[in-house]
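In: 3D, please:
(one chain, ligands or ions: 1)
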Amino acid sequence: MKKLVVANWKLNPTTAKDAVKLASSINIKAKNKVVLCPPTIYLSSISYPNVGAQDCFWKTSGAFTGQTSVSQLKDLKIKYCIVGHSERRATGDTDQMINGKIHSLLEAKITPILCVGYGTTVLQDDLEVVDILKHQLDAGLNGVDASKVVVAYEPVWAIGTGKNASPEHAEKISIFIKAKYKVGTVLYGGSVNANNAKDFLRQQNVGGLLVGGASLKAGEFNGIINY
Ligand code: 13P
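Out: From the prediction side, this is the model:
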């Protein structure tokens, strides 16, 4: 079965020309389903079968300087949107705000990719991690049909550090999230690269990957999406 591989470009690249070039270097017919999430300002320039945003606002219009609404994303035919990334939680996004974004996205029929894992540390065992995730999932999925949400488990200590969680740990956490919240797809993210991707994709309950740094290198990312 095809898995879902999401590229989170974060605040890269620095020009629209480079963004268009990067998108055009990613295989369109990969073995797995692929979503590219460029910075908001490039969303209308990128041509790829599945494009996602990195964040959105929970109101659809009004006096909200600097925000991007789900209606605006919908107008650009954006199909996915990341919410609750730890890098946004670190700058003030609360579980309640994230929940509002998910409601708004589902109303617009855009699939939310809810990131959880903020606050986890490398020393925690599986049960302690589950405790932290429960808070984020209970609040983030409040009043939501969770089967329509993709959840991405990203332990903070694994993001951009070159130290990934073990595939077995990712599998255990995915089983927990699917069983308790009836979420259909759970992704793993955190220092995924062309060498370790297959070990995660091989796990039965890991539904795919959320890839940061390695998604900026076309050759490496094409390797990941074709496992
Ligand atoms: P890295 O793949 O660079 O560790 O980033 C993971 C991430 O935060 C994706 O959202």
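
In: interface residues of the protein facing the ligand?
Out: Residues of the chain that fall close to the ligand, judged by Cβ under 6 Å from any ligand atom: 8, 85, 154, 159-160, 189-192, 210-214. To be clear about C-beta, it is placed using only N, CA and C from the backbone, and glycine gets the same treatment.

In: one more time with 5 Å, if that's ok
Out: When proximity is defined by Cβ under 5 Å from any ligand atom, the chain lies next to the ligand at 8, 159-160, 189, 191, 210, 212-213.

In: could I get these in a markdown table, plus columns for neighbour count?
Out: What follows is these, written out as a markdown table (neighbours: other Cβ atoms under 10 Å):
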| residue | neighbour count |
| --- | --- |
| N8 | 26 |
| I159 | 22 |
| G160 | 13 |
| G189 | 28 |
| S191 | 20 |
| L210 | 27 |
| G212 | 21 |
| G213 | 18 |
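
In: just put those in JSON lines and tack on pLDDT.
Out: JSON lines is the format used below for the residues of the chain next to the ligand (pLDDT from 0 to 100):
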{"residue": "N8", "pLDDT": "99"}
{"residue": "I159", "pLDDT": "98"}
{"residue": "G160", "pLDDT": "98"}
{"residue": "G189", "pLDDT": "98"}
{"residue": "S191", "pLDDT": "98"}
{"residue": "L210", "pLDDT": "99"}
{"residue": "G212", "pLDDT": "98"}
{"residue": "G213", "pLDDT": "98"}
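
In: for the ligand, state which of the residues you listed is nearest.
Out: For those, the residue nearest the ligand by Cβ to the nearest ligand atom is G212; the value is 2.3 Å.

In: S215: neighbour count?
Out: Residues lying near S215 (other Cβ atoms under 10 Å) number 26.
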